[in-house]
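# Dropping the sequence and predicted coords here.
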Amino acid sequence: MKDLLATVKANKRIAQNIYMITLTLPEEVGAMHGGQFVNLSTGNGAHLLRRPLGVCMAEGNEVSVCYQVKGNGTKYLTTVEAGRKLRVLLPCGNWFDLDDYKNIAVIGGGVGIFPLVATIREHFQTKNFYSYIGFRNIDAVCLYNELAKSKRLTITTDDGSYGQKGNAVSAYLEDAANVPADAIISCGPPVMLKVLKQKLKEQGIKTPCFVSLEERMGCGMGACLVCVCKTEDGGNARVCRDGPVFNIDEVQL
Ligand SMILES: Cc1cc2nc3c(=O)[nH]c(=O)nc-3n(C[C@H](O)[C@H](O)[C@H](O)COP(=O)(O)OP(=O)(O)OC[C@H]3O[C@@H](n4cnc5c(N)ncnc54)[C@H](O)[C@@H]3O)c2cc1C
Ligand code: FES
């Protein structure tokens, strides 16, 4: 993990309220994997805390992350132009480790799709991805060509304006019997992960399932405990350091 002064190469809108920012790093930091994140300064001195954003694409000394405009920090980030320097801590956290798996069901929603895109990009030549990806509506659909590297791709929208009407978890469950998955990976809003956990249990699906969690973060490196989540054994885990990827059976959602 390194704390670097990166140069913004591009910062462009890719869907309604969603931007992709590409950073050129002053030095290579080694492999970055889907699930890992960067802790990025917004460039506005008023925002002391950096913003955690999932690695979406990484090659050589370039890394791209995508962000939804949510609060003041991400709003300010949209104004940052190419050539600006931003401090970034990376790569942070663990990743979707798929070494033992060949056929993977991917369930993603909202901004949770970005680490999943990185994972598909990393492995699509050697593994089969069966992806179920949910967007709010047609205006939020993005990175289709990356998602389409999956062996099979189902896109859902809440209002049916693109793809199948409904959500990604339901779409997967309807299809589960036809998906030869030996692992499930998922990232999305907390409510989506909670429903996923409940439904897998109810339907007796025992396929190993790994989820990437979102928690408010401070340091991004394991020191401040801002990001702690509860584990099923009654303990705590730091999402930034012990995660953000956990076995779904190990964490309370
Ligand atoms: C591991 C991880 C990966 C993430 N990856 C992405 C991604 O790829 N794309 C994306 O759009 N979003 C992602 N998020 C969520 C993103 O970090 C927040 O949406 C963002 O920090 C909001 O900042 P803000 O200044 O717009 O909001 P504000 O509400 O103004 O932020 C105030 C503070 O709260 C924190 N905060 C607010 N919401 C969240 C949240 N949901 N999660 C964590 N911290 C939050 C901010 O970092 C900041 O410190 C990720 C979160 C985590 C933990
Ligand atoms: S953000 Fe500081 S310990 Fe996780």
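Done, it's in. Keep in mind it's a predicted model, so treat the numbers as computed, not measured. Ligands and ions are numbered 1, 2, ... in the order given.
# C-alpha from now on. contacts and neighbour counts both.
OK.
# same for the lengthiest helix in the chain, what does it pack against?
Among the segments of the chain that qualify as a helix by DSSP state H, the longest is helix 190-202. Helix 190-202 sits against helix 168-175, with contacts defined as 3 or more C-alpha pairs under 8 Å, 6 or more residues apart in numbering; DSSP states H and E.
# who does the helix it packs on touch, helix- and strand-wise?
For helix 168-175, the packing partners by 3+ C-alpha pairs under 8 Å, 6+ apart are strand 103-109, strand 128-135, strand 152-157, helix 190-202.
# Just confirm yes or no for whatever helix or strand comes next after that helix near ligand 1.
If you walk from helix 168-175 toward the C-terminus, the next helix or strand you reach (DSSP states H and E) is strand 183-187. No: Strand 183-187 does not reach ligand 1 (C-alpha under 6 Å from any ligand atom); its nearest approach is 9.3 Å.
# can you list contacts of strand 183-187?
The contact list for strand 183-187 (C-alpha atoms under 8 Å, 6 or more residues apart in numbering) reads 96, 101, 103-109, 112-113, 115-116, 193, 207-213.
# picking up where we left off before, what angle separates the longest helix of the chain from strand 103-109?
140 degrees (axes from the mean of the first three to the mean of the last three C-alpha atoms, to 10 degrees).
# Spatially, which residue comes closest to Thr154, not counting chain neighbours?
Tyr132 (4.9 Å; C-alpha to C-alpha, 6 or more residues apart in numbering).
# picking that back up, also within reach of ligand 1: list those from the contacts of strand 183-187.
Of the contacts of strand 183-187, not one also sits near ligand 1 (C-alpha under 6 Å from any ligand atom).
# Just the buried ones from those?
Buried by 16 or more other C-alpha atoms under 10 Å: 96, 103-109, 112-113, 115-116, 193, 209-213, out of the contacts of strand 183-187.
# Enumerate the positions of stretch 120-131 that are buried.
Buried residues in stretch 120-131 (16+ other C-alpha under 10 Å): Ile120, Arg121, Glu122, His123, Lys127, Asn128, Phe129, Tyr130, Ser131.
# which of the residues you listed are close to ligand 1?
Okay, of these, nothing touches ligand 1 (C-alpha under 6 Å from any ligand atom).
# Quick check: residues of the stretch 1-150 of the chain near ligand 1?
Within the stretch 1-150 of the chain, the residues that sit near ligand 1 (C-alpha under 6 Å from any ligand atom) are 37, 49-54, 66-74, 111, 114.
# ok so, going back, now pLDDT too, for the buried residues of stretch 120-131, in CSV please.
Converted to CSV, these look like this (pLDDT from 0 to 100):
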residue, pLDDT
Ile120, 98
Arg121, 97
Glu122, 97
His123, 98
Lys127, 98
Asn128, 98
Phe129, 98
Tyr130, 98
Ser131, 98
